[in-house]
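In: pasted the sequence and its predicted model underneath.
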Amino acid sequence: MSIRKGKNYPYGIHVRDMKELCCDLPIENLPAPKKVYLSMSQHIGAPATPIVNVGDKVKKGQLVGQASGPVSANVYASIPGTVVGIEELVNGLGQKQLHVVIENDDSGEEILLPEIENRLGPTLIERIRLAGIVGLGGAGFPTAVKLTPKSQLEYLIINGAECEPYLNCDYRLMLERTDDIYKGIKYVAKALNVKKIILGIEENKPLAIEAFKIYEDLDIVILKKQYPMGSEKHLIYCTTNRKVPVGKMPFDVGVCVQNIKTMIACYEAIDLNKPLTEMVMTVSGKGIENPKNLKLALGTPLTDVVEYCGGIKERAIKLVAGGPMMGKALIGLNHYTRKTDSGLLVLIDGETNTAEPSNCINCAKCAKNCPMRLMPMFIESCALAGDFVGAKKYGAMNCLECGSCAYNCPAKRSLVQSISMAKNKIREMKL
Ligand code: SF4
Ligand code: SF4
C-alpha cells in the first residue's frame, strides 16, 4: 500500500458540502415496493428491449429487458411478481421512456445468474455485460464496453471522491463494504490486465482512507476537497499527472476510471452471481423529514422513498435527482429509481437559488471558476442568440455541466442550462 497526496488543479470551486445531514447514518434497506417501474433506458446507448409480456410471472433477477446492441445494457426484474404493464411513461425529468411494470407477489422468489466457469479476463467482462452493469456514478456507460479498450491501459483509477455536496452513498459503502469493493476492484483490474490501481478519496473522508489502508496493492491518493474533483479528467490529472486532451477519452492516456458502486456490482455479479437489481442512494436536503442512505430495488417509485423518509416538509421548494451541482430538477415525484441515480434531494429556500437572473455584469467570475477554462458567459450569450456555431467555437462541447460557473455568478445566470441546450443543438444540427 502506498498513500500520497494528489496534485492540485487551479480553478474549480469550494462548495459547502452539506454531507453532515446523513454521512454518519448507515445504509438502510428500503422494504421491497408493491410495484416497480423498470425503465429500459437506464444507461447510455440503445434502450433495452422488453422480453416479457403483460401477465407473465417473473422472479427477482429474471431478465426482462435485453440489451439491444453493443452499447446497451440488460435490465432485470428487481422484485418477484407479475408483469402488469409495458408502457411509455414520462418520468420526473420529463423524459418519455419505455418501462416494464411489475407488481410484487411477495413470494420472495429470486434467480441468480449461472455460476461462472473461470475467472479469466474475458469471462469476467462477459459476466459484467450479462449482469447489466453500467457506470453507476451517473454516466451510465455500459461497463463491459469500458473494459474492452482498443489498446492496453496502464492504470485503473477508482473514483472515491464523491465531491457532489449532500451525497454520501460512496462514502457509506467505502466504510460498510470495504472488502467487497476491493474484490470488485481486483476483478476489474484483472479484466483490464492492469497492475497499477489507484483509489482517489477526498481528504474530507478520513475514515474511508483509513479503511482501505490494509490493501497492499492499492495506491491511495488523498485528494484535495475541491469541486469537481470527481470529474474524470481532473481525477486523472490529480492522481497520475496525465492530461486528457480536448476531445480525447481517458483510455487515450492509458487510464480507465471506475466508480465505487460499480465495483460492488461487479463483485456481486462475479462472486454472488447477482445481476444488477438494486441501488444505493442518498435522500437528503433540509426539506425531507429524515435524511437517509438507502439500498433499494431499481424501479422503486420516489413516492415510496419519500414516505419511508418521513415525508416532505411544507417549506420544501425543489426536488433534485442526483446532487445539487450536476443533478437534474424533478418536475414531481412521478419518477422511478434507475441504475445511475445517486441521490434524491428535497431542498428549501436558501439551499437552492430562487432569484430571478439579471443581466450579466461581465465580472468574469464564471470563467475564473471554470475547471475546463472555458468562458461560460460567451457560450451562454451565443446559445441565447441561437448562434450554436459560435457556442461550439467557444468550446461548449468541452463543458462538463459541472455548475461551477453558475455557483458564484452574482447575476444568477442559468449558465449550465443554456450551455447544455447549446450542446444538444450542436449534436442535433451535426455542427
Ligand atoms: S459570473 Fe455571471 S455576471 Fe459574471 S461574467 Fe459570468 S455570467 Fe456574467
Ligand atoms: S462552463 Fe461547463 S465546465 Fe465550465 S464551469 Fe460551467 S458547467 Fe463547468
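Out: Cool, got the structure. Numbers count the residues shown, from 1 in each chain. Ligands and ions are numbered 1, 2, ... in the order given.
In: F251 contacts L153, doesn't it?
Out: Yes. With contact defined as Cβ atoms under 8 Å, F251 and L153 form a contacting pair (6.2 Å). Placement of C-beta: from N, CA and C, glycine included.
In: quick one, phi/psi of P376?
Out: Backbone dihedrals for P376, given as degrees, to the nearest 10, come out at phi -60, psi -30.
In: oops, could you answer that again for L345 instead?
Out: Main-chain dihedrals, L345, degrees, to the nearest 10: phi -110, psi 140.
In: list the contacts of stretch 403-421.
Out: Stretch 403-421 has contacts (Cβ atoms under 8 Å, 6 or more residues apart in numbering) with 11-13, 15, 227-228, 325-326, 353, 355-361, 363, 365-367, 369-371, 374, 376-377, 379-380, 383-384, 391, 396, 399, 401-402.
In: same for ligand 2: which of the residues you listed are within range?
Out: The subset of the contacts of stretch 403-421 within reach of ligand 2, by Cβ under 6 Å from any ligand atom, is 369-371, 374, 376, 399, 401-402.
In: farthest-separated two in these?
Out: Within these, N369 and E401 form the most distant pair, 13.9 Å apart (Cβ to Cβ).
In: pick out whichever of those two has more residues nearby.
Out: Looking at N369 and E401 with other Cβ atoms under 10 Å, you find the greater number of neighbours at N369, namely 21 against 15.
In: state the number of residues packed around the one residue in the stretch 151-300 of the chain that gets nearest to ligand 1.
Out: Of the stretch 151-300 of the chain, the residue with the smallest distance to ligand 1, taken as Cβ to the nearest ligand atom, is Y227 at 16.2 Å. Here the count is done by other Cβ under 10 Å, and Y227 has 26 residues near it.
In: was I right about it contacting I13?
Out: Yes. Using Cβ under 8 Å, Y227 and I13 qualify as a contacting pair, with a distance of 5.2 Å.
In: the strands in the stretch 151-300 of the chain, which residues?
Out: When secondary structure is read from DSSP state E, counting those that start in this stretch, the stretch 151-300 of the chain shows strands at 155-160, 196-202, 218-223, 255-259, 278-284, 292-297.
In: mind listing what's buried in the third one?
Out: In this case it means strand 218-223. Using 16 or more other Cβ atoms under 10 Å as the burial criterion, the residues of strand 218-223 that qualify are 218-223.
In: residue nearest the centroid of the chain?
Out: When the chain is reduced to its mean C-alpha position, the nearest residue by Cα atoms, centre = their mean turns out to be G138, at 1.8 Å.
In: am I right that that residue is in a helix?
Out: No. The assignment for G138 (DSSP: H, G, I helix; E, B strand; the rest coil) gives coil, which keeps it out of a helix.
In: may I have the phi/psi pair for it?
Out: When read as degrees, to the nearest 10, the backbone of G138 gives phi 130, psi -30.
In: how about it, nearest residue that isn't a chain neighbour?
Out: Spatial nearest neighbour of G138, excluding adjacent residues (Cβ to Cβ, 6 or more residues apart in numbering): T340 at 5.2 Å.
In: now C266
Out: With Cβ to Cβ, 6+ apart as the criterion, C266 has its nearest non-adjacent residue at 4.2 Å, and that residue is G184.
In: I figured the one you found hits I264, correct?
Out: Yes. Taking contacts as Cβ under 8 Å, G184 lies within contact range of I264: 5.7 Å.
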